[in-house]
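Peer 1: please find the sequence and the predicted model below.
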Amino acid sequence: MEAQLKELIPFLRDKNPQVRQIALSNLLGQTPEGSPHRSIFYHGLGGAGLQKPKETDIIRDLKLLCRDQLAVAHDAFRALVNLSDSPLLVPFLSEPAFLTFLVSYILNADSILADLASMLLSNLTASSSPCAALLALTVPILKTPSSPSPLFPTLSRSGTCSAPVPYPPGEPQDTLALPLLIDAFVEGVSIDPSGDRASRKRKGELHFLASVFANISTSPAGRTFFVAPRPTDPLNPHSTNEYPLAKIVAFTEHQDTIRRGGVASTLKNCAFSSQVHRAILSPDTEAVAVPPSTLSAPGIDALPYILLPLAGPEELDLEDQEKLPSALQFLPSTKKRDPDPVLRLTHVETLLLLCTTRWGRDYLRDHGVYEIVRGAHMEETVEKISEHIERLVQLLKGDESVETVDESDVMRVGGQEEEDDDDEDNRIEEV
């Protein structure tokens, strides 16, 4: 059987698109993890001795077929999504030419397979080197002010994503890719009230970009990107500054688990740096800078979006209601907590991280965090989440010692003693 499958590989380059499609459709079934003949895609990738790994014909063909007509490109993207869990393949899928095409394709609002491309980018950024490459990546962009989409990534052109007609004039400008991906991610949820997908601003929902952002934010450089003020419009350097994280925090209540989970993880990862807590929590009516930078932008105002997934329908006293951010006041009786225990834990861990500074603890106390997590604790059925909430309550309701009176004080989450630092149940990790 393996020998027969290998005989199909040359047909991936056949001039007849139907032949390419038939060959690829027969190979596609061997790409998921656990498939009996999956090794045919990895054979020869590892190199030998001191010899550098070389890209094999089948991987090169699959990358090229992502630009083919719809049926072929769909199967090529699916194959690479399935195969990209292997570290052997990551260097060849994150090389500059293919990474630039992949990101450009996602950015194009007319890309039919943008969701599959986002899944592939999500898998790739699970490794550190593609994350670093994506942080620095620029893509050539043409402005298209007269079109429904304000930009055209010139390297996105393929069988499933044609160039605009008439072709935009001017020279392409190399533009940092990540701010553009954030805007595309936000646009991905803009659905026409009638439910007509044809009227969407984008053909892809791009939920998996949330996982890309979460992966990037596990590195210090990635966290710095999300909490460094940038122009609101990536194509207009003179537009007002905004924290990139502020554009995505609202999706912690989105119906799609991938989208809200990736955003929750990005927010939690950014909270590992105590210097950004003031920017994360401050309302958007206040301009805040993240030290040591003096460049300021409106606060991210993330607290409502951390608390909403933990909030239920419990009725609170008027005095307690007034403490809460306006988005959490007088919630309806139909309000439900996030059904995913992993995401509930993520939000509680974010609150614990925000308690590592005196300023953060005071802000959480003054804005009704205890009142929300008290109700969450009463309904929680997962022991680990309950334990984390109890640690959070200890920090919020406990007296401040002399050592923590100073606003600049930074404490370890939960006040663990040094010998408890290796307790895996209490350790908060980047995700």
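Peer 2: Received, thanks.
Peer 1: ok, which stretches of the stretch 101-250 of the chain are helices?
Peer 2: All helices of the stretch 101-250 of the chain, identified by DSSP state H, counting those that start in this stretch, fall at 114-124, 128-136, 177-187, 209-216, 220-226, 244-248.
Peer 1: adding distance to residue 323, mean pLDDT and mean neighbour count as columns, could you present those helices in CSV?
Peer 2: To be clear about C-beta, it is placed using only N, CA and C from the backbone, and glycine gets the same treatment. Converted to CSV, those look like this (distance: least, Cβ to Cβ, whole Å; pLDDT from 0 to 100; neighbours: other Cβ atoms under 10 Å):
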stretch, distance to residue 323, mean pLDDT, mean neighbour count
helix 114-124, 38, 98, 25
helix 128-136, 39, 97, 17
helix 177-187, 30, 97, 21
helix 209-216, 30, 98, 26
helix 220-226, 28, 97, 19
helix 244-248, 23, 98, 22
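Peer 1: out of the ones you listed, nearest to residue 157?
Peer 2: Smallest distance to residue 157 across the helices of the stretch 101-250 of the chain (Cβ to Cβ): 13.9 Å, for helix 114-124.
Peer 1: possible to save the helices of the stretch 101-250 of the chain as TSV with distance to residue 38?
Peer 2: Formatted as TSV, those follow (distance: least, Cβ to Cβ, whole Å):
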stretch	distance to residue 38
helix 114-124	15
helix 128-136	22
helix 177-187	30
helix 209-216	23
helix 220-226	31
helix 244-248	35
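Peer 1: ok, which of those helices comes nearest residue 286?
Peer 2: Comparing the helices of the stretch 101-250 of the chain by Cβ to Cβ, helix 244-248 comes nearest, at 12.4 Å.
Peer 1: contacting residues around that closest one?
Peer 2: 178-179, 182-183, 185-186, 210, 213, 225-228, 230, 263, 266-267, 270, 280, 284, 297-302 (Cβ atoms under 8 Å, 6 or more residues apart in numbering).
Peer 1: what's in contact with the lowest-mean-pLDDT helix or strand in the chain?
Peer 2: Sorted by mean pLDDT, DSSP states H and E, the helices and strands of the chain end with helix 318-323, the least confident at a mean of 89. The set of residues external to helix 318-323 that reach it, using Cβ under 8 Å, 6+ apart, is 329, 330, 366, 367, 368, 371.
Peer 1: looking at these, state which has the most neighbours.
Peer 2: Sorting those by how many neighbours each has (other Cβ atoms under 10 Å) puts residue 368 first, at 22 neighbours.
Peer 1: ok so, going back, for residue 77, which of the helices of the stretch 101-250 of the chain is the nearest?
Peer 2: Proximity to residue 77, assessed across those by Cβ to Cβ, is greatest for helix 114-124 (3.9 Å).
Peer 1: quick check, residue 62 in contact with residue 78.
Peer 2: No. In this structure, residue 62 is not within contact of residue 78 by Cβ atoms under 8 Å, at 10.0 Å.
Peer 1: looking at these two, which is more packed in?
Peer 2: More crowded of residue 62 and residue 78, by other Cβ under 10 Å: residue 62, with 26 against 19.
Peer 1: how about the more buried one, what does it touch?
Peer 2: Per Cβ under 8 Å, 6+ apart, neighbours of residue 62: 12, 76, 79, 80, 83.
Peer 1: tell me which element the fourth one falls in.
Peer 2: It refers to residue 80. Per DSSP states H and E, residue 80 falls inside helix 70-83.
Peer 1: centre of the chain versus that helix, how much separation?
Peer 2: 22 Å (Cα atoms, centre = their mean, to the nearest Å).
Peer 1: which residues are in contact with the very next helix or strand once past that helix?
Peer 2: Proceeding N to C from helix 70-83, the next assigned helix or strand is helix 90-93, under DSSP H and E. Defining contact as Cβ under 8 Å, 6+ apart, one finds that helix 90-93 is touched by 45, 53, 55, 59, 63, 80, 84, 98-99, 102, 120, 124, 127, 129-130.
Peer 1: buried stuff in helix 90-93?
Peer 2: 90, 92, 93 (16 or more other Cβ atoms under 10 Å).
Peer 1: pipe those residues into a markdown table and attach pLDDT and distance to residue 307 per row.
Peer 2: Listed next are the buried residues of helix 90-93 as a markdown table, based on pLDDT from 0 to 100; distance: Cβ to Cβ, whole Å:
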| residue | pLDDT | distance to residue 307 |
| --- | --- | --- |
| 90 | 92 | 37 |
| 92 | 94 | 43 |
| 93 | 94 | 39 |
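Peer 1: as CSV, the residues you listed with distance to residue 276 would be great.
Peer 2: As requested, the buried residues of helix 90-93 are arranged in CSV below (distance: Cβ to Cβ, whole Å):
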residue, distance to residue 276
90, 30
92, 35
93, 32
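Peer 1: rewinding a little: what's the closest of the helices of the stretch 101-250 of the chain to residue 160?
Peer 2: helix 114-124 (9.2 Å).
Peer 1: elements contacting the closest one?
Peer 2: Packing partners of helix 114-124 (3 or more Cβ pairs under 8 Å, 6 or more residues apart in numbering; DSSP states H and E): helix 70-83, helix 90-93, helix 96-107, helix 209-216.
Peer 1: list the buried residues of the longest strand along the chain.
Peer 2: Longest strand in the chain, counting residues (DSSP state E): strand 138-143. Neighbour-count burial for strand 138-143 flags 139, 140, 141, 142, 143 (criterion: 16+ other Cβ under 10 Å).
Peer 1: what pLDDT does the model give residue 408?
Peer 2: You'll see residue 408 listed with a pLDDT of 49.
Peer 1: if you could redo that for residue 431, that was the one I meant.
Peer 2: On the pLDDT scale, residue 431 is placed at 70.
Peer 1: now it, nearest residue through space, not along the chain?
Peer 2: Leaving aside its sequence neighbours, residue 431 sits nearest to residue 265 (Cβ to Cβ, 6 or more residues apart in numbering; 4.4 Å).
Peer 1: how about the residue lying closest to residue 155 once chain neighbours are set aside, what does it touch?
Peer 2: Distances taken as Cβ to Cβ, 6+ apart put residue 104 closest to residue 155, at 4.3 Å, once the chain neighbours are dropped. Counting by Cβ under 8 Å, 6+ apart, residue 104 makes contact with 139, 140, 153, 154, 155, 156.
Peer 1: also residue 24?
Peer 2: Contacts of residue 24 by Cβ under 8 Å, 6+ apart are 12, 65, 72, 75, 76, 79.
Peer 1: what about residue 357, how many neighbours?
Peer 2: Neighbours around residue 357, by other Cβ under 10 Å: 21.
Peer 1: would you map the strands across this structure?
Peer 2: Remark: strands assigned in the chain by DSSP E are 138-143, 151-153, 173-176, 230-231, 241-242, 287-289, 296-298.
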